[in-house]
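A.B. asks: Coordinates for the following, if possible.
(3 chains)
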Amino acid sequence: MTSIRALATGACAAALASLCAFVAPAKAQTYPTRGITMIVPFAAGGPTDVISRIVTAHMAQTFGQSIIIENVVGAGGTTATTRAARAANDGYTLITGHMGTHAASVPLYPKLAYHPEKDFEPVALLAGTPILILARKDFPPKDLKEFVAYVKANAEKVNAAHAGIGSVSHVSCELLHSILDIKPVGVPFNGTGPAMNALVAGQVDYMCDQIVNAVPQINAGTIKAYAIATVERNPSLPNVPTTTEAGLPAFQAQAWNAMFAPKGTSPAIIASLNAAAIKALDDETVKKRLLELGSVIPGPADRTPEALATLVKNEIAKWTPVLKPAT
Amino acid sequence: MDIFANLAHGFAVALSPINLLMCLIGALVGTLVGVLPGIGTIATVAMLLPITFGLPPVGALIMLAGIYYGAQYGGSTTSILVNIPGEATSVVTAIDGHQMAKQGRAGPALAIAAIGSFFAGCVATVLIAVLGAPLTKLALAFGPAEYFSLMVLGLIFAVVLAKGSVLKAIAMIVFGLLLSMVGSDIETGASRMAFNIPELADGLGFATVAMGVFGFAEIIRNLDAGAEMNRDLVQQKITGLMPTKKDLKDSAPAILRGTALGSILGILPGGGAVIASFAAYTLEKKLAKNPSRFGRGAIEGVAAPESANNAAAQTSFIPLLTLGIPPNAVMALMVGAMTIHGIVPGPQVMQKQPDLVWGMIASMWIGNLMLIIINLPLVGIWVRLLRVPYRLMFPSIVIFCAIGIYSVNNAPVDVILAGVFGLVGYWLIKHDFEPAPLLLGMVLGPLMEENLRRALLISRGDWSVFLTRPLSAVLLAIAAFLLTLTLLPMLRAKRDEVFTESEN
Amino acid sequence: MADTMGHSATATRNTSVAIGFCLLAIAPQIFEFIWSIGTIFGWGAGRGPATVLISHATALVAGAPAALIGAASGDTKKASSDVLLALIYSYPILVVAIVTLFMTIRSAQDYVGGVILMALALFALWASSDLQGMRGFSFGAGTAPRMFGGLLVALSAGIALTGLLTDGPAMAHYAWRGPMFVMAAIVFFALAIRPLGVVVSAFVSFMIAATGSHETRWLEAAIVGACLTLGCAILFPYVLGLPMPMFPRFLVQ
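C.D. replies: Numbering: from 1, shown residues only, chains lettered A, B, ... in the order given. As a prediction, the model looks like this:
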């Protein structure tokens, strides 16, 4: 009985404390007056999650309010995005969308319950993670030119791994395949971990994946990288050539992550969110952490909501022809 | 030897006050999470990830690891006390553990689970330190074909562990396999049997179905008229808290065998730990002089799977520490935690981050020691919980389960689905179907189908891969052997049933 | 109990079992009809009740026989989903219902259990009938569900047969009070957690669930429920840091 009483006393104290917490910030009338929920459409610990956490941690300091990350996984991130699209447009529910949820999903899921352009207000582009062409360490081709020739000649024999339909590794490999005009067998895995395991073990031949997962494996020599699909080389892999340098300039892909708010969120709120996000991106520790992940931080011109709107538009246009025939 | 130098270094790291504190917090939170039905380790580790921002990376990982294996200790508690397995690995523990509780032997069941887990944890920790690197090869040797054969073997285990009709057990496995197919198809992305319900797009969650067919169904059944008498009996019957000498003697070989099986199977990414607990149970049942005791409160049926799942929980760190590849969702979160700190684990993590790796290994042993010190005294409290009148117990369990299921995905639909599965489970009980094979079918189903399809994609449709790859062939041979061993006595099953019936 | 039952008693029970199976045979149709009533009030998406009623009725009465005849005469026109439901699910169960009338059920527990399981398997077969099958060496989405669905039909038929051929336990007694209130508590919690928060939904669900037992003493339950709610309100959002609303949304804003 004593334990119950102790529990009850503690509970009352906590309830009072939380009430006070609710009352205190109500004095300030400017946005935000309470905690913000940031929906992350992928599991905690993944690239999108880590980027969101790094940036929102700094934004929370700017606002003096907590930003709670809510990981809602499922259906290539579209479950979470659907929920965010239907959330109240008061600026207290936001989402970190990415290339998959806000571009590739349009052709991939014909019954998509939202449209990236019509149901969201773009806030700010946060960071992109470059995509690499990776292969098992004993795969015959030595560089990207040989790789292109090899897979074209052996399109019937090679196996491309990917982390599941709709994943970054799947859609970016589809882009590569459409550029090379081949249709090799795609071996699906449940996430990047198992796919990487199969590549390290040599059970599959190649895959396209985000830089974060691949750097330590490349450095240890358990897999090899042919090229990085960005304009510039990445500081964490200085020896890996860009696709342009290696002779396949058409293959440009980046898993960009950006912040969105539900449609109809007031422009003032969008502006203050955008300002806070930019402030975070300019912070030295945030920058350092993002660069350690191999991420690319957008330049000043790419950070406005308008630039993000253009990016979404262009990306949908880019992925639609690639992914339409695939499904 | 290198190992000793490394271990000494590890202990030096792990014994620093801050890391000891982290280890203790991890062990406590893990126990709590394991005990609360429905709250999964994945959800908790995910929620605690931001806290680790402010901690030194070694301390953060020691804490997260503590939560992970601490939950394995705690997970057996609800399985034994209220027949609700919180994790796939404690489904088997519920079979005999809850029977023991019904016979008033909840204390010995909980204690032997803790002792078995402690022993297994110690052995597995040593194994990681000594054989971690060579054992990595095993994880890499397992391709899709091998996994498929392993899953087939796992499903045979499910048949063996059934206590009633073999036909019904097989039907339940197949039912579980069908349930596991709800959701997106891995190869084509097509939505299967999801009826356009967005929450079903990724399939039915294990926690949802397990809470339903075990937790809610058990509650509904206990509310039936006439069930009060049995419950009162349970409450009066509670005998000693600690296992007797005979219990310890019976369990010792089971703990040894469970540890061995768990240590090996734990290394395999994906499903290894689940199969380990089922395999350990099956092995004990097959070796027992009187297999009919299993499912009716045999202490080996608790000791073996609990040792196996804890051993597997420890050795599943091997692929993470040696390859940098996370073998399950919790480990993926730990990779996330490392990434946040700027450490991206890879094959070189052992050389580059000796503090982290050896500190973690040493902390596992310390954590296991803390856990047994925490858990043995708790046995008394848990058993006392059984004395709470059921009229107050059951609504509380309903609320805990509901919050737990909701917290997995923050999806209200999951809670309703669990309720529906509660009704399904009630129906299963009324027709004498067993829920354990159903859950096993559900857990192993996707792994089996995916790997079958992967293997056939890679082999371009050639089914012979399953026999030409030696590891796969061996696994299939064991499966075939076990199946004949199970089906042969079916003819004699009638006589056994009569025998056990009259015994009750 | 079974031995005191005469032949006529068995016969009446058989009739009620058969009627139960008939209801089971059209259960999905009835469910969709009930569900569709919601669309009148704008809840959920889907077809309206009138459409549902007419399309299922025509499928059951006319569409399916026509499709059967069509299939027999080599017409490979694709049948609609409603017709397929009638063909794959409803007809086999109806046949079982009719057969039941002429059988002596020796173990109702096995027989009824087997038939309901068969219904689930047939339903799964229907649900996966629109999926793509084998294409070359690629398995396709539909192969495995159909394979296991078929296997489960066979196994459940075997269980039902056991119920006809060997003696066994009769039907167990189903209670209604426990399941109803526990289910109500669960559904209330699911609907209330987002708008009303942990405090309200946990307490109300506790009380609803407590109604499920006739042993409940109200004052005691209310006190324990309140303590538990407070405990949960501290434990889950604070100690474990799970993101869930604490108080009703309208109070916070």
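A.B. asks: what kind of secondary structure is B:Ile39 in?
C.D. replies: At B:Ile39 the chain is in coil, as set by DSSP: H, G, I helix; E, B strand; the rest coil.
A.B. asks: so what's it up against?
C.D. replies: Applying CB atoms under 8 Å, 6 or more residues apart in numbering or on different chains to B:Ile39 gives the contacts B:Val33, B:Gly86, B:Ile403, B:Gly404, B:Ser407, C:Phe236, C:Leu240, C:Leu242. (C-beta placed from N, C-alpha, C; glycine too.)
A.B. asks: where's it relative to B:Ile405, distance?
C.D. replies: Counting by CB to CB, to the nearest Å, the gap from B:Ile39 to B:Ile405 is 9 Å.
A.B. asks: And for C:Leu131?
C.D. replies: With CB to CB as the criterion, C:Leu131 and B:Ile405 are 28 Å apart.
A.B. asks: repeat for A:Pro107
C.D. replies: Taken as CB to CB, the span from A:Pro107 to B:Ile405 is 34 Å.
A.B. asks: Next: C:Ala124.
C.D. replies: For C:Ala124, the distance to B:Ile405 equals 23 Å [CB to CB].
A.B. asks: Next: B:Met22.
C.D. replies: Where B:Ile405 is concerned, B:Met22 sits at a distance of 29 Å (CB to CB).
A.B. asks: hmm, back to that, compare neighbour counts for C:Leu131 and B:Ile405 and give me the winner.
C.D. replies: B:Ile405 (32 against 20; other CB atoms under 10 Å in any protein chain shown).
A.B. asks: Quickly find the element holding the more buried one.
C.D. replies: helix B:390-409 (DSSP states H and E).
A.B. asks: Quick one: mean pLDDT over that helix.
C.D. replies: The average pLDDT within helix B:390-409 is 85.
A.B. asks: and the helix or strand following it, anywhere near chain C?
C.D. replies: Heading C-terminal from helix B:390-409, the first helix or strand you meet, by DSSP H and E, is helix B:412-430. Yes - residues of helix B:412-430 are located near chain C by CB under 8 Å from any CB of the partner chain, namely B:Pro412, B:Val413, B:Val415, B:Ile416, B:Ala418, B:Gly419, B:Gly422, B:Leu423, B:Tyr426, B:Trp427, B:Lys430.
A.B. asks: Likewise for stretch A:140-155?
C.D. replies: No - taking CB under 8 Å from any CB as the criterion, stretch A:140-155 and chain C are apart, separated by no less than 14.9 Å.
A.B. asks: Closest one of the contacts of B:Ile39 to B:Thr486?
C.D. replies: B:Thr486 lies nearest to B:Gly86 out of these, by CB to CB, at 28.7 Å.
A.B. asks: Spell out, range by range, the helices that occur in chain C.
C.D. replies: C:7-25, C:27-40, C:49-58, C:64-72, C:81-84, C:91-101, C:108-127, C:143-165, C:177-210, C:218-234, C:249-252 (DSSP state H).
A.B. asks: Would you reformat those as JSON lines and include distance to A:Ala43 and mean neighbour count?
C.D. replies: Converted to JSON lines, the helices of chain C look like this (distance: least, CB to CB, whole Å; neighbours: other CB atoms under 10 Å in any protein chain shown):
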{"stretch": "helix C:7-25", "distance to A:Ala43": "40", "mean neighbour count": "15"}
{"stretch": "helix C:27-40", "distance to A:Ala43": "32", "mean neighbour count": "15"}
{"stretch": "helix C:49-58", "distance to A:Ala43": "38", "mean neighbour count": "16"}
{"stretch": "helix C:64-72", "distance to A:Ala43": "45", "mean neighbour count": "14"}
{"stretch": "helix C:81-84", "distance to A:Ala43": "34", "mean neighbour count": "19"}
{"stretch": "helix C:91-101", "distance to A:Ala43": "41", "mean neighbour count": "17"}
{"stretch": "helix C:108-127", "distance to A:Ala43": "28", "mean neighbour count": "23"}
{"stretch": "helix C:143-165", "distance to A:Ala43": "25", "mean neighbour count": "20"}
{"stretch": "helix C:177-210", "distance to A:Ala43": "22", "mean neighbour count": "22"}
{"stretch": "helix C:218-234", "distance to A:Ala43": "25", "mean neighbour count": "18"}
{"stretch": "helix C:249-252", "distance to A:Ala43": "27", "mean neighbour count": "11"}
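A.B. asks: Is it possible to get CSV of these that adds mean pLDDT and distance to chain A?
C.D. replies: What follows is the helices of chain C, written out as CSV (pLDDT from 0 to 100; distance: least, CB to the nearest CB, whole Å):
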stretch, mean pLDDT, distance to chain A
helix C:7-25, 72, 30
helix C:27-40, 82, 17
helix C:49-58, 81, 20
helix C:64-72, 68, 27
helix C:81-84, 80, 15
helix C:91-101, 87, 30
helix C:108-127, 90, 17
helix C:143-165, 90, 14
helix C:177-210, 90, 8
helix C:218-234, 88, 3
helix C:249-252, 68, 7
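A.B. asks: among these, which is nearest A:Leu199?
C.D. replies: Using CB to CB, these put helix C:143-165 closest to A:Leu199, at 25.5 Å.
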